[in-house]
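Colleague: need coordinates for the following:
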Amino acid sequence: MTEKERLGKYLLKLREKVPSQDYVKEHISQQELADSNVGLTKYLIGTVERGEANPTLDKLILMAKALNLKKVNLFELEINVDKYIEELKDKKKKATKK
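Modeller: Residues are numbered from 1 along each chain as shown. Here you go, the predicted model:
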């Protein structure tokens, strides 16, 4: 199993812990997760879960937020998910003002 596949399996397990709000299922579907989170698509979620994608840090943080994670550890560096999302929003606001 490749490292991308390991990451995908891990993210799939996390998604399977999130209850569905719209469907009669035990857990949230890829489509429901994408529909309820700006910046995510069913295609992206599927390719990451299958170990086919190389998601950017931004996409990984958006997925973490969607999966109700508060912190993510990368390279022994802890990233605050909510703070990162706010910084993304601020960056987009500044870009649109130019």
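
Colleague: run the chain-centre distance for the top helix by length along the chain.
Modeller: The longest helix of the chain (DSSP state H) is helix 81-97. Remark: helix 81-97 is offset 16 Å from the chain centroid, using CA atoms, centre = their mean, to the nearest Å.

Colleague: mean confidence score for it?
Modeller: Average pLDDT, helix 81-97: 86.

Colleague: tell me what that helix is packed against?
Modeller: The contact analysis (3 or more CB pairs under 8 Å, 6 or more residues apart in numbering; DSSP states H and E) places helix 81-97 against helix 57-66. Yep, even glycine has a C-beta here, placed from its N, CA and C like the rest.

Colleague: buried ones in the least confident helix or strand in the chain by mean pLDDT, by neighbour count?
Modeller: Ranked by mean pLDDT, DSSP states H and E, the helix or strand of the chain with the weakest confidence is helix 81-97, at a mean of 86. Of the residues in helix 81-97, 81, 84-85 count as buried by neighbour count, 16 or more other CB atoms under 10 Å.

Colleague: Serialize the residues you listed to CSV and add fields for distance to Asn68.
Modeller: Below are the buried residues of helix 81-97 laid out as CSV (distance: CB to CB, whole Å):
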residue, distance to Asn68
Val81, 9
Tyr84, 15
Ile85, 13
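
Colleague: and which of the residues you listed is nearest to Asp35?
Modeller: Asp35 lies nearest to Ile85 out of the buried residues of helix 81-97, by CB to CB, at 17.8 Å.

Colleague: now that closest one: closest residue in space that isn't a chain neighbour?
Modeller: Spatially, and ignoring its direct neighbours in sequence, Ile85 is nearest to Lys65 (5.6 Å; CB to CB, 6 or more residues apart in numbering).

Colleague: and Glu32, by the same measure?
Modeller: That would be Asp22: by CB to CB, 6+ apart, it lies 5.4 Å from Glu32.

Colleague: and Lys59, by the same measure?
Modeller: Nearest non-adjacent residue to Lys59 (CB to CB, 6+ apart): Leu44, at 6.4 Å.

Colleague: buried residues, the strand or helix carrying Glu32. List them.
Modeller: Counting by DSSP states H and E, the element that carries Glu32 is helix 30-35. For helix 30-35, a neighbour-count test (16+ other CB under 10 Å) marks 30, 32-34 as buried.
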